[in-house]
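Chemist: coordinates only, sequence not included:
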Ligand SMILES: Cc1cc2nc3c(=O)[nH]c(=O)nc-3n(C[C@H](O)[C@H](O)[C@H](O)COP(=O)(O)O)c2cc1C
């Protein structure tokens, strides 16, 4: 074998597997992870250094071609109200019959969690890497953020309601041409231990090839 990409293979073939101990702490946290309803999230949110760490971990995902086909928009503090009011104004123009009680529903929506990270999918359609691979990388970033938040003692809920679906609302949130909002990842301290939901039975989602 003299192909260039195999140049270092013989040395690796001789090396023993590294012994990396299992992290029971990490496994226990992953086993307990679940969404917490938005209304059950509370402050305080992450400190600036915690937020930087959270986003650094979220950005640490498989990414075919290193295209970084996603980005994050952080909404916290006063920005929640400012964006909420813009969304409410747009929603009112789209829904003229809206009952007064719902006039501030998007301001309320964004006020519940101390931090919302908007996950933006931005695949490059001209890249050689299939768009599907790029979109999957964005989903991975969302999950990485969710897991990192859990490791840091926060809870999350990933929602994609009207502000994520409606192009005019998505533009107010900050989505640019060719971008799509993949989720509002609401982050906060859980006010309660949320009940778990039934999880898929392995028998229903796992088959063994050849059997
Ligand atoms: C892309 C995406 C969008 C979602 N949007 C909504 C939504 O708009 N409304 C909703 O009730 N749940 C939505 N969910 C599901 C919630 O996140 C739900 O709480 C979650 O699936 C619970 O699972 P978990 O406990 O394993 O986190 C969405 C999930 C994903 C992945």
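Modeler: Right, received. Where do you want to start? From a predicted model like this one, the values you see are computed outputs, not experimental measurements.
Chemist: please make it C-alpha for all contacts and neighbour counts, starting now.
Modeler: Fine.
Chemist: show the pLDDT at the spatially most central residue of the chain.
Modeler: Centroid-nearest residue in the chain: residue 142, 2.1 Å away (criterion: C-alpha atoms, centre = their mean). Listed pLDDT for residue 142 reads 98.
Chemist: that one is in what secondary structure piece?
Modeler: Taking DSSP states H and E as the criterion, residue 142 maps to helix 131-151.
Chemist: buried stuff in that helix?
Modeler: Using 16 or more other C-alpha atoms under 10 Å as the test for burial, helix 131-151 gives 131, 133-151.
Chemist: what mean pLDDT does the helix or strand where residue 28 lies have?
Modeler: Taking DSSP H and E as the criterion, residue 28 maps to helix 24-32. Averaged over helix 24-32, pLDDT sits at 97.
Chemist: what do you get for stretch 68-75?
Modeler: Stretch 68-75 comes out with an average pLDDT of 98.
Chemist: just checking the distance from that stretch to the centre of its chain.
Modeler: Here stretch 68-75 is found 9 Å from its chain centre; the criterion is C-alpha atoms, centre = their mean, to the nearest Å.
Chemist: ok, now stretch 50-69?
Modeler: For stretch 50-69, the distance to the chain centre is 10 Å (C-alpha atoms, centre = their mean).
Chemist: next, the buried residues of it.
Modeler: For stretch 50-69, by 16+ other C-alpha under 10 Å, it's 53-55, 57-59, 61, 63, 68-69.
Chemist: between those residues, which is nearest the ligand?
Modeler: Distance to the ligand, by C-alpha to the nearest ligand atom, is smallest for residue 58 among these, at 14.8 Å.
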